[in-house]
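1. take this sequence and fold it.
(chains A and B)
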Amino acid sequence: MPVTIPDVKKTWTNTINRVTLGATKEEGGTRTKRVTVGGATSLPFHHFEGAMPHPSVIAMEVWNVAPQDWPAVLAEHFRDVWHDPGLWAKKCVEQYGADLICLRLAGCDPVGQNRGPQEAAQAVKRLLESVGVPLIVWGTGNDDKDNEIFPAVAEAASGENCLLGTITEDNYKTLVALCTAYKHKLIAESPCDVNIAKQVNILATDMGFKPEDIVMYPTSAALGYGLEYVYSVMERARLAALRGDKMLSQPMICDIGIEVWGVKEARASEQELPEWGEQTERGPLWEATTAYVYLLTGADILVLRHPQAVASVREAIKQLMGDGLK
Amino acid sequence: MPKVTFHPDEVTVEVERSVTLQAAAKAAGVELASICGGDGICGRCRLIIKNGNIDAAPTTLLNRHEVQRGYVLACQTKVLGDVEVEVPPETRAEEGQILIDIDAQRFRALYQEEKVSFRHEPLVQKLYLELTPPSLQDNLGDEQRLYREIRRRREIPIMQTGLKVLQALPKLARQHQWRVTATLGWRGGTVEILQIEGGDLSENNYGIAVDIGTSTVVAHLLDLKTGGMMDAEAMYNSQRAYGEEVTRRILYAERGGLEQLQKTVVNDVNNLITALVARNKIAQHDCWAVLCAGNTTMMHLLLGLGPASIRRDPYVSSSTAPPPVRAAEVGIQINPRGLLYCLPAIGGWVGGDVTAGILATGLYESDTTVMLIDVGTNGEIVIGHKDWMVACSASAGPAFEGSGVKCGMKASRGAIERVQIAADGHLIYKTVGNAKPKGICGSGLIDLVAGLFEAGLVDRSGRLLPEASPRIRTHDGLSEFVVVPAQRTGTGKEIVITQADIENLLRAKAAIYAGALILMKSLALDFDDIDRVFLAGGFGNYLDREKAITIGMIPDLPLEKTRFVGNTSVIGAKLTLLSQEALEKSYEIAKNVTYYDLISFPHYYEEFLAAKFLPHTEIERFPSVQERLNAQGVKALTPSPSPVLTDGRGGLKAG
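-> Below is the predicted model of the structure:
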């Protein structure tokens, strides 16, 4: 007897905001390439239910200072270029195919080299000269320092339609005002909590900032370090968005490299933990697996470090998009 | 003889050497505040010594800074030579009981409107009896003779008498030609003859209704014979020194502090009683009953019951309905044979104060669905009508009681109870008793936060926006808003609200709203299904419901559906003290309310965080607020002015 399976397809009422990064010459910038994320009308990769017009993209991480604590399996790919953020970015784009570059202003960290606004701005300018892809600029996480350096950064990148971050509940006014004035997009950070994610968006939009110009950063965690909490927060935010919540309809960014390369599963050498297998495979695999999980819950931008992780996540996105890739 | 001069009264008196400053003040006609009457335990009679020779007994009620500045307690300080003292504003005896009298009026108003009426049959009654002297034909024993006469007047099936009373009866009755006054105490199913006196002394029968809150203790003195309300007095619960919140007190009790906590609260109750008795010139031994309403933990601590199991799964209390006991057994100083009653609790986290609230508002006999929100250190929410009632408790913290807030105070004289911030940033306020402001009470804090929000001086997460007003400044790294500058306050110190205060208030209001929302959702109800909302709490005379909605503390229902009903805990306590019927009803209510445990509800914290925003993360839940904000265009909606835009070299640039 034939069995009829009922149609359980879900249709949603709302669309995830489209956010385009980068400005070409015609648009007043110097980018040769623009990147658009968002626009989904269903849960990620549910091509049978709705469209996912813009596949998730990969940003590779570049610092304005040579990293001190990157394990050798990661550092060996960048050691030749990390004295110059421009060369570093160029390598990421040309050799590893990064869709975007994420400049982390680690050199401005007050507990590190504590570089000033002008040096931060120079790094931004250097990157803009070196590559044509759109730029993400991620601050130090120190509120006072970020408020000191971002005015110069935002101005240096004026017209380039960058993604700057992050704003938090406690510190949002300066960066919101800067992004309004210099027409950049904004990363709104929240501590793994769907309510606060929404609240930060409201705080920014209450200042007149357009909700369509925000990308949410719901905090990231490495596999084995609370990933499931972040996963469910992101999933809930996305479900709320598809059901119509305009203040959660922003695309989401995941900052993965920094988390993964801080945990022992990626950092420990095989001399330390021989039973865990080779670090050259294990490290990138941990990063790629973490990224893969976030893809499934709605990550639109993944910030990664290791070239092998980048390659395998790119392949995963391609396969997941399948017929959906137009 | 030494001379004592009081400033700013500029009165000088001559007193004997070694007389206390308190006595000197009395001689000079300078009224000083005092609850303990000179025992050195209430810390109210603070004076500042300008110069002169004194001998001050050490006290823990003054801190080091105060001692350095010359503060002393008047009752603990002896005059040794000529002295000049200053009477600080907070030490002025409060003139009359403005606050409480209005409270009493509201009580009566509520009484009529809600048609809550119980027979006047106080828990302790004094009966003047003219017994028939015994004869050969009527040879009943003295005790049985007494019982017979009582039963002619009252329907009392079971009576009991203590041996001491019985021993005194024969002589007393004969001395007074069989004319005696019997004091009858209602003890559940039986009535105890508490005392026999000769002659007619039935006039002198007083009782005290006490609301023992986590943060405040309020006592009302009642004439049990007439049912009249005589006076009231309130103070902060001295147990606060052992933790602001219930759980902290339980922990302290668990670590061997039970006796200390018990003593502390009994001491507070005794101080209040002493003050009431002294002020109304009645005898302490004519006070026969104390009835307490409070949360379950407060009742445990009052009775010296270990509260440990209340905070542990499955959250059980030693007793939800403790029986009447001899007040002296717990140390309460009324007549040594007088009784102490506790209103029955609903559960470990919903106490007799809520039972009192249900009783006072008449919720238990309502035909339509009613919500009662009792705002205290624990906010309790009850939803129900005559057929069912469900209650929950949400830990709000003491902010609305003016505690844990820098310039917070309870709703007494000089407390800012209403605030309005005009469009031009001008601030208008009103204080209790129209006195010079000393601090801000709960209703003032609600007004203030609502006003700051509507004027665009805080953002939706409650953060002060320094560029929005010159009144906002940074002090010790924390933003604060100056409510009243120092020169206009009654204390000479400025009154501010700090960022941390606002945070505390937001937490408190979020806990209450989240609790109400979850309780309602759990009943598959919607706010539209609620016919009336009773908002209760010790806010003093006034609470602006619209402002409470603006900050998102209570659901956004039409104003005519919401009523502020005052301290229903003490109102309920008074009702039951005056009526056995009401007390019986309270047992019935406590039994019939279903306790819903928020602790076991998985999404409580999430709802709490969603509510910790102005008015709420989901503004759609507050349509009236949304409408008003849209209409007036909150200042926060406009982008920050240019100062944050710099050219990277620190110079300003036009936005």
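2. quick one: low-confidence parts of the stretch 201-326 of chain A?
-> Across the stretch 201-326 of chain A, the ranges flagged by pLDDT under 70 are A:323-326.
3. whoops, the stretch 101-250 of chain B was the one
-> B:101-116.
4. hmm, 50 instead?
-> The stretch 101-250 of chain B contains residues with pLDDT under 50 at B:101-115.
5. ok and the residue in the stretch 1-150 of chain A nearest chain B?
-> Relative to chain B, the nearest point of the stretch 1-150 of chain A is A:P117 (5.2 Å; C-beta to the nearest C-beta). Any C-beta I mention is one placed from the backbone N, CA and C, and that applies to glycine too.
6. for that residue, which non-adjacent residue is closest in space?
-> A:A152 (3.7 Å; C-beta to C-beta, 6 or more residues apart in numbering or on different chains).
7. and if you look at A:A157?
-> A:V124 (5.3 Å).
8. I figured the one you found hits A:L103, correct?
-> Yes: between A:V124 and A:L103 there is a contact at 6.6 Å, judged by C-beta atoms under 8 Å.
9. need the overlap of contacts for those two.
-> Counting by C-beta atoms under 8 Å, 6 or more residues apart in numbering or on different chains, the common neighbours of A:V124 and A:L103 are A:135, A:137.
10. hang on, the residue nearest to A:P117 in a strand?
-> No: applying DSSP: H, G, I helix; E, B strand; the rest coil, one finds A:A152 to be helix, outside a strand.
11. who's in contact with it?
-> By C-beta under 8 Å, 6+ apart, the contact list for A:A152 reads A:117-118, A:120-121, B:648.
12. most surrounded residue in these?
-> A:A120 (28 neighbours; other C-beta atoms under 10 Å in any protein chain shown).
13. and that residue, helix, strand or coil?
-> Criterion first, three-state DSSP; result for A:A120: helix.
14. near chain B, which residues of chain A?
-> Within chain A, the positions near chain B by C-beta under 8 Å from any C-beta of the partner chain are A:117-118, A:121, A:151-152, A:155-156, A:169-170, A:173-174, A:176-178, A:180-181, A:193-196, A:198-199, A:202-203, A:206-209.
15. from those, which land in strands?
-> Among the residues of chain A next to chain B, none falls in strands (DSSP state E).
16. so where do the helices sit in the stretch 301-450 of chain B?
-> Listed in chain order, the helices of the stretch 301-450 of chain B (DSSP state H, counting those that start in this stretch) span B:327-330, B:352-361, B:442-454.
17. okay, the residue of chain A found nearest chain B: pLDDT?
-> Relative to chain B, the nearest point of chain A is A:A152 (3.1 Å; C-beta to the nearest C-beta). A:A152 carries a pLDDT value of 97.
18. and the residues of chain A next to chain B, which are buried?
-> A:117, A:121, A:151-152, A:155-156, A:169, A:173-174, A:176-178, A:180-181, A:193-196, A:198-199, A:202-203, A:206-207, A:209 (16 or more other C-beta atoms under 10 Å in any protein chain shown).
19. list the contacts of the nearest residue to B:Y595 once chain neighbours are set aside.
-> Once flanking residues are discounted, B:Y595 sits nearest to B:G347: 3.5 Å by C-beta to C-beta, 6+ apart. Contact partners of B:G347, counting by C-beta under 8 Å, 6+ apart, are B:296, B:315, B:317, B:320, B:391, B:595, B:597.
20. the stretch 151-300 of chain B: strands as residue ranges?
-> Listed in chain order, the strands of the stretch 151-300 of chain B (DSSP state E, counting those that start in this stretch) span B:159-161, B:179-187, B:190-198, B:206-212, B:216-223, B:228-236, B:287-294.
21. relative to A:V19, which of those strands is closest?
-> Nearest to A:V19 among those is strand B:216-223 (52.4 Å), distances taken as C-beta to C-beta.
22. show me what the closest one is packed against.
-> Under the contact criterion of 3 or more C-beta pairs under 8 Å, 6 or more residues apart in numbering or on different chains; DSSP states H and E, strand B:216-223 touches strand B:206-212, strand B:228-236, helix B:258-279, helix B:568-578.
23. okay if I get these as JSON lines plus distance to chain A and mean neighbour count?
-> Listed next are the helices and strands packed on strand B:216-223 as JSON lines, based on distance: least, C-beta to the nearest C-beta, whole Å; neighbours: other C-beta atoms under 10 Å in any protein chain shown:
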{"stretch": "strand B:206-212", "distance to chain A": "35", "mean neighbour count": "29"}
{"stretch": "strand B:228-236", "distance to chain A": "32", "mean neighbour count": "19"}
{"stretch": "helix B:258-279", "distance to chain A": "36", "mean neighbour count": "20"}
{"stretch": "helix B:568-578", "distance to chain A": "32", "mean neighbour count": "30"}
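24. among those, which is nearest B:D374?
-> Per C-beta to C-beta, nearest to B:D374 of the helices and strands packed on strand B:216-223: helix B:568-578, 6.6 Å.
25. for the next helix-or-strand element following the closest one, buried residues please.
-> Remark: after helix B:568-578, the chain's next helix or strand is helix B:580-592, criterion DSSP states H and E. Using 16+ other C-beta under 10 Å as the test for burial, helix B:580-592 gives B:580, B:582-583, B:585-587, B:589-590.
26. ramachandran angles for residue 130?
-> Let's take chain A. Backbone geometry at A:S130, expressed as degrees, to the nearest 10, gives phi -80, psi -30.
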